[in-house]
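Asker: Fold the following for me, if possible:
(4 chains)
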2 protein chains.
Amino acid sequence: MTKTLSPAEENYLKAIYKTGERLNGANAGTNALAAELQTTPASVTDMIKRLSEKNLVFYEKYKGSSLTLEGSALAKSLIRRHRIWEVFLFEKLRYGWEEVHDIAEQLEHVHSPDLIDRLDVLLGRPRFDPHGDPIPDAEGNFTQRELILLSEMSCGASGTVAGVDEHTPIFLRQLDALKIKLHSALKIIDRFEFDGSMQILIDGLRETSVSEKIGRNLFILPVLAG
Amino acid sequence: MTKTLSPAEENYLKAIYKTGERLNGANAGTNALAAELQTTPASVTDMIKRLSEKNLVFYEKYKGSSLTLEGSALAKSLIRRHRIWEVFLFEKLRYGWEEVHDIAEQLEHVHSPDLIDRLDVLLGRPRFDPHGDPIPDAEGNFTQRELILLSEMSCGASGTVAGVDEHTPIFLRQLDALKIKLHSALKIIDRFEFDGSMQILIDGLRETSVSEKIGRNLFILPVLAG
DNA sequence: AAATAAATTTAGACGAGTCTAAATTTTCGT
DNA sequence: ACGAAAATTTAGACTCGTCTAAATTTATTT
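Answerer: Residues are numbered from 1 along each chain as shown, chains lettered A, B, ... in the order given. The predicted model follows:
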């Protein structure tokens, strides 16, 4: 019943999933998908039609596309594969969090019935990838958390770094330079109206200033004051 | 300088390498390659021409093909990737030796500058894959050993299982059933002229009879009597 | 050495996935 | 509500890797 898809088809499913998610469930437009997939709108139209033939996406001319139940399950499986490979690269091969995406992008297209489950066991069934993104379980369920942006935290508040919005190497390497890692404990020392920057304490050790732009890209799991 | 090849191109290079090796360095014929690659001679001719354009193979019409220095280096790198992934699947994910080939066949096409070297380190720089085949080092050098076939051993001789000729799951599963594994110690108890079968002692524990066909497919590292 | 068989190449086609350029539909501003 | 702008689709072409059928070359047999 479950077809074997080509890497290209798999990438389209992921892109439709991501784009639809970003749009809060609305249909993904052709241009948006073309941008996400770094290709042309014409190519997207072609592929969408084929995926629609295979009952993986709903498609109506000029109205954009969304995933069917089957397409959605496949997309989530892809995300699971991707993120588990990322954990492997990060934990076992000591890659940096800015390096794992591109390699996982290739590894996720390897097809084998139980490869991912075995990897999952090897890694201790991680629930989050190296960027803090949740790894769906085999049924496609994501762990939900109440996260806020660092930029939304008030003076004196504390929390731990739980994820990043931007995933670009350039941003992640800046965090490395600032010694801000996933799970780092942060405390807001001060906030500056002038440029929206904040003074923070990292892991109770280092104090530094971070720009508003950084603050808007760091997801925090708040710690209730105690 | 080193091009990035498609999976198909990489598979052709491997096939030319294997076929050339089987023929002791002679040119690989079109039909032989088609058989090895499970495709048609016409397709082989097409691809060989393209690889020849890229200076990866020597090709002369009707005379077969062989690898250039660059093609040979790439082929050995492919074999290295394949066998290291096999070790990973066998050692870390607990796959059986009859299962690892097909998955490694996909994993070997993942391109990343240092992925394989990091895996190599994780695995403790193994020199042989789960079937006993040597893993070339990063420079393409294979570990050489003096192996003999079980069928060539005389009564009373001893050795350890160092490899298999046939790599088919059907053969490997039979060895599993017989509890003959890589590195098993074998001693020849008796040989029977009638059907060429032998009576052997495995790991000093179990005695069993094995057919001549099995004997001709097991490579042994002889242990000098002492 | 001619005839036959085997191996190989050529010719022409196809599907997947992509592209550019042109045509069409929808949306938006006024 | 009309015209302009933006989004989308269509048309036609290209590459890669494959195929079948036919033509050609090489090898073998007698």
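Asker: What's the separation between A:Ala185 and chain B?
Answerer: From A:Ala185 across to chain B, the span is 30 Å (CB to the nearest CB, to the nearest Å). The way it works is simple: take the backbone N, C-alpha and C, and place the C-beta from them, glycine included.
Asker: got the contact list for the residue positioned nearest the centre of chain A?
Answerer: Central residue of chain A (CA atoms, centre = their mean): A:Asp133, 4.9 Å from the mean position. By CB atoms under 8 Å, 6 or more residues apart in numbering or on different chains, A:Asp133 lies in contact with A:83, A:163.
Asker: can we see that at 10 Å?
Answerer: Applying CB atoms under 10 Å, 6 or more residues apart in numbering or on different chains to A:Asp133 gives the contacts A:79, A:82-83, A:86, A:142, A:162-164, A:167, A:219.
Asker: ok, now A:Phe194?
Answerer: A:Phe194 neighbours (CB under 10 Å, 6+ apart): none.
Asker: any idea how far it lies from A:Ser209?
Answerer: To A:Ser209, A:Phe194 is 12 Å away according to CB to CB, to the nearest Å.
Asker: Show the pLDDT at the residue in chain A that DNA strand D sits nearest to.
Answerer: Closest to DNA strand D within chain A is A:Gly29: 2.8 Å, counting by CB to the nearest atom of the strand. On the pLDDT scale, A:Gly29 is placed at 96.
Asker: Kindly report the same for A:Leu224.
Answerer: Value listed for A:Leu224 in the pLDDT field: 75.
Asker: For it, grab the count of nearby residues.
Answerer: Residues lying near A:Leu224 (other CB atoms under 10 Å in any protein chain shown) number 7.
Asker: quick one: contacts for it?
Answerer: Contacts of A:Leu224 (CB under 10 Å, 6+ apart): A:157-159.
Asker: and if we set it to 7 Å?
Answerer: For A:Leu224, the contact set (CB atoms under 7 Å, 6 or more residues apart in numbering or on different chains) is empty.
Asker: Can you tell me how far the residue lying closest to A:Pro7 once chain neighbours are set aside is from B:Lys14?
Answerer: Spatial nearest neighbour of A:Pro7, excluding adjacent residues (CB to CB, 6 or more residues apart in numbering or on different chains): A:His109 at 4.4 Å. From A:His109 over to B:Lys14 the distance is 19 Å, taken as CB to CB.
Asker: can you check A:Tyr95 too?
Answerer: Applying CB to CB to A:Tyr95 and B:Lys14 gives a distance of 27 Å.
Asker: so the residue nearest to A:Cys155 when sequence neighbours are not counted is in which element?
Answerer: What sits nearest to A:Cys155 in space, not counting adjacent residues and going by CB to CB, 6+ apart, is A:Ile188, at 5.3 Å. For A:Ile188, the element it lies in under DSSP states H and E is strand A:185-191.
Asker: And the contacts of that strand?
Answerer: With CB under 7 Å, 6+ apart, strand A:185-191 has contacts from A:150, A:153-161, A:198-204, A:207, A:220.
Asker: Try it again at 10 Å.
Answerer: Defining contact as CB under 10 Å, 6+ apart, one finds that strand A:185-191 is touched by A:150-151, A:153-161, A:180, A:197-205, A:207-210, A:212, A:215, A:218, A:220, A:223.
Asker: With stretch A:15-24 instead?
Answerer: Contacts of stretch A:15-24 (CB under 10 Å, 6+ apart): A:26-29, A:32-39, A:44, A:47-48, A:51, A:56-59, A:64-67, A:71-72, A:74-76, A:78-79.
Asker: So which of those residues reach DNA strand C?
Answerer: Among these, the residues that sit close to DNA strand C (CB under 7 Å from any atom of the strand) are A:39, A:47.
Asker: Next step: the contacts of stretch A:15-24 restricted to helices.
Answerer: Among the contacts of stretch A:15-24, the ones falling in helices (DSSP state H) are A:32-37, A:44, A:47-48, A:51, A:71-72, A:74-76, A:78-79.
Asker: Show me which of those are buried.
Answerer: A:32-34, A:36-37, A:44, A:47-48, A:51, A:71-72, A:74-76, A:78-79 (16 or more other CB atoms under 10 Å in any protein chain shown).
Asker: Pick out the most distant pair among the residues you listed.
Answerer: For these, the maximum inter-member distance is 22.8 Å, found between A:Ala34 and A:Lys76 (CB to CB).
Asker: A:Arg125: neighbour count?
Answerer: 12.
Asker: which SSE is it in?
Answerer: Judged by DSSP H and E, A:Arg125 forms part of no helix or strand.
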